[in-house]
Structure formats: structure tokens, C-alpha cells
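> I would like the atomic coordinates for the input below:
(one chain, ligands or ions: 1)
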Amino acid sequence: MKTEGKRQKKLTRSGGVQSHPVSAFCLQPSALSLGSNLGDRLENLTLARGKVAALPQTREVAFSSVYETEPVDAPEGSPNFFNAVMLIETSLSPLELLRATQAIENEFGRVRSVPNAPRTLDIDILFYGDVLMNTPELTLPHPRAHLRRFVMEPLAEVCKSLNLQIPKFPNP
Ligand code: AMP
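Numbering: from 1, shown residues only. Coordinates of the predicted model:
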């Protein structure tokens, strides 16, 4: 699979799989991509991870290593990103999960200016179980995830650690 994105390096190790078996919630895992290129990037990801794990009816299944990546399609001079992928089990609905992750982005003071501007925190829903949806607010699986190396590399890492197949993303 061809992905966009230049050099990226692994900064932290994932710390392995969490102790909960994937099947314990009887739910299919969902995946989030977390990114930050403003402020204390590692702290932003770490705090965001805790906030996602603390959402109601939600728990963390796995968290990837943190990768430092060069920005893709971003304004000139944008700082490098720190990126990671988090697998969760949740019984929030897809839209509830989107609103909850947007509320977390807002807590980090994210300002939406020009597209792909530097941001303290960006959370995308990569997939939600095997749900397919295409509404103005939410597209699942994420339509551009499979094009982005900063998504696919950490996603492959967590899926491999859990013996899960990487889900198929529709071609653009
Ligand atoms: P941004 O956070 O600026 O990258 O853009 C998020 C926008 O994309 C929001 O308006 C969401 O409603 C929309 N969106 C559509 N699909 C998704 C998805 N799978 N995950 C996160 N945001 C999504």
C-alpha cells in the first residue's frame, strides 16, 4: 500500500498490549489517530490518551509507540508531528465518540484556522468496528487514513500486537 509522508521515526515504545483481552467487552475495537505539533507534543498525546480512556463506556485496548513525523500538506514551516494510534472498545455510538473526541480537542485549546494548521491535538476516528457511514459530520472508515504513513505504521503496530487484521480501507 502506498502512503503519503516522508521520514518518520519511532520515539517511544508502545509498552505493549493492555491487560484486557479484546473480546472482554464483546465489542469490536475502534481506532483513533492522535496527533500534535504544537506545545508539549508528547504531553498532549499522553493527556489525550488518558482522557479518551476515561470516556464513559470506553476503555483502552492498546496504544502504539509515538512516532515523530514530518507534516503532510501543511503550511510551510509547520513543526513535526508526534503521532500515535489508540485502539479502544466503546459502546458510545460513532457520533457520540466523534463529539467526545472533539470536546477533548477543544479542551486542548485547538484553534481551527487554515486547513492542516499546527494543532495542539487532532483526533480522528480511523474506524469504528466494521461500521460504514458517510454523513457530512462523520465518514467511517476515515477516508484518507490509508494514505497516511503516520496513521498506517502505528495502526499496523497495534494490530500486529493483538493479532488483529488491519481493516480494509476503501480506495479513494
Ligand atoms: P479536522 O479535525 O480539522 O481534521 O476535521 C475534522 C472534521 O472532519 C470534523 O468536522 C468532522 O466532523 C469531520 N470528520 C469526518 N469523518 C471523520 C472521522 N472519521 N474522524 C474525525 N473527524 C471526521
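> in which helix or strand does Asn83 reside?
Using DSSP states H and E, Asn83 sits in strand 81-90.
> what packs against that strand?
Counting by 3 or more CB pairs under 8 Å, 6 or more residues apart in numbering; DSSP states H and E, the packing neighbours recorded for strand 81-90 are strand 30-36, helix 41-53, strand 58-63, strand 67-69, helix 149-161. From N, CA and C alone the C-beta is placed, and that goes for glycine too.
> okay, now the sheet partners of it, with direction.
Here strand 81-90 is paired, per DSSP bridges, with strand 30-36 (antiparallel), strand 58-63 (antiparallel), strand 67-69 (antiparallel).
> tell me the mean pLDDT over it?
Averaged across strand 81-90, pLDDT comes to 96.
> got phi/psi on Asn134?
Dihedral pair for Asn134: phi -140, psi 90, per degrees, to the nearest 10.
> no, scratch that, I was asking about Arg99
Recorded main-chain torsions at Arg99 are phi -70, psi -40, according to degrees, to the nearest 10.
> where does the protein dip in pLDDT?
Low-confidence segments of the chain, defined by pLDDT under 70: 1-7, 13-27, 110, 112-114, 171-172.
> mind doing that once more with 50?
Applying pLDDT under 50 to the chain flags residues 17-26.
> who in it is up against the ligand?
Within the chain, the residues that sit near the ligand (CB under 6 Å from any ligand atom) are 98, 112, 122, 124-125, 137-140, 142.
> any of the residues you listed buried? List them.
The neighbour-count criterion (16 or more other CB atoms under 10 Å) marks 98, 122, 124-125, 138, 140, 142 among the residues of the chain next to the ligand as buried.
> can you list those in TSV and add secondary structure?
Shown next, in TSV, are these (DSSP: H, G, I helix; E, B strand; the rest coil):
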residue	secondary structure
Leu98	helix
Asp122	strand
Asp124	strand
Ile125	strand
Leu138	coil
Leu140	strand
His142	coil
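> farthest-separated two in these?
Asp122 and Leu140 (16.8 Å; CB to CB).
> contacting residues around the spatially most central residue of the chain?
Centroid-nearest residue in the chain, with CA atoms, centre = their mean: Ser33, separated by 0.9 Å. Residues counted as contacts of Ser33 (CB atoms under 8 Å, 6 or more residues apart in numbering) are 83-85, 122-124, 126, 142, 145, 150-151, 154-155.
> circling back: nearest to Thr90, out of the strands paired with strand 81-90?
Evaluated with CB to CB, the strands paired with strand 81-90 place strand 58-63 nearest to Thr90, the distance being 4.0 Å.
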